[in-house]
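In: Pasted the sequence and its predicted model underneath.
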Amino acid sequence: MRPFSILLIRILAIYLVLNPLLAVLPILFSPGSAELVDEWVPFMVAGVLMPMGAGLLLWFFASALAKKIHGGTDPESGVTLSETGLVRAGSFLIGVYLFIQHMGIVFSQYMSVGFIAYGSLIVIALSVYLIVGVGSIGMLYKKIKYAGSGL
């Protein structure tokens, strides 16, 4: 399960690096964009550099994160996809994605307008639980899956 999680973490890393970059390139090379650079600095830092930095960190620490998600499973035992393992890996990846996206929203809104995006702060708190609580999410999945079956 660990090699599969490493692959998924690295796919998320590639997405986090390329998606904001591809979204901003047309803006940077449009006519008259040089005058708007000062207005776009908070957005660039929050919307482009933070996801790119997080993507690079995810890429380089993918194996350590996969080991943390799946515990002491043997990486040489072959890829055995368990439902609980997929739920744990998926919740971790969803949590990382939500955390990075909403940190960018909070940062850019605070830097440009001066207000705190409280809705994004709630999403950040939930995403931290998705990242840190992968074990409890796996147990919750098992309880829900076997609820009422007597197993």
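Out: Happy to help now that I have it.

In: for the protein, what spans make up the helices?
Out: 2-28, 37-44, 50-60, 62-70, 83-112, 118-132, 134-145 (DSSP state H).

In: weakest of those helices by average pLDDT?
Out: Sorting the helices of the chain by mean pLDDT places helix 37-44 lowest, at a mean of 72.

In: on that earlier part again, need the helices of the chain in a markdown table with mean neighbour count, can you?
Out: Heads up, the C-betas are built off the backbone N, CA and C, glycines and all. Formatted as a markdown table, the helices of the chain follow (neighbours: other C-beta atoms under 10 Å):
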| stretch | mean neighbour count |
| --- | --- |
| helix 2-28 | 16 |
| helix 37-44 | 13 |
| helix 50-60 | 18 |
| helix 62-70 | 18 |
| helix 83-112 | 19 |
| helix 118-132 | 15 |
| helix 134-145 | 15 |
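
In: doesn't Gln109 make contact with Phe115?
Out: Yes. Using C-beta atoms under 8 Å, Phe115 is in contact with Gln109, at 6.0 Å.

In: show me the contacts for Gln101.
Out: Residues near Gln101 by C-beta atoms under 8 Å, 6 or more residues apart in numbering: Pro51.

In: for the residue nearest to Ser63 when sequence neighbours are not counted, what are its contacts?
Out: Nearest residue to Ser63, sequence neighbours excluded (C-beta to C-beta, 6 or more residues apart in numbering): Ile6, at 5.5 Å. Listed by C-beta under 8 Å, 6+ apart, the contact set of Ile6 reads 62-63, 66.

In: What is the nearest of those residues to Leu25?
Out: Within these, proximity to Leu25 (C-beta to C-beta) peaks at Ala62, which comes in at 26.0 Å.

In: Now do the contacts for that closest one.
Out: Here Ala62 is in contact with 5-6, 9-10, 13 (criterion: C-beta under 8 Å, 6+ apart).

In: Distance to Gly47 for those residues - can I get that in a markdown table?
Out: Below are these laid out as a markdown table (distance: C-beta to C-beta, whole Å):
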| residue | distance to Gly47 |
| --- | --- |
| Ser5 | 27 |
| Ile6 | 27 |
| Ile9 | 22 |
| Arg10 | 22 |
| Ala13 | 17 |
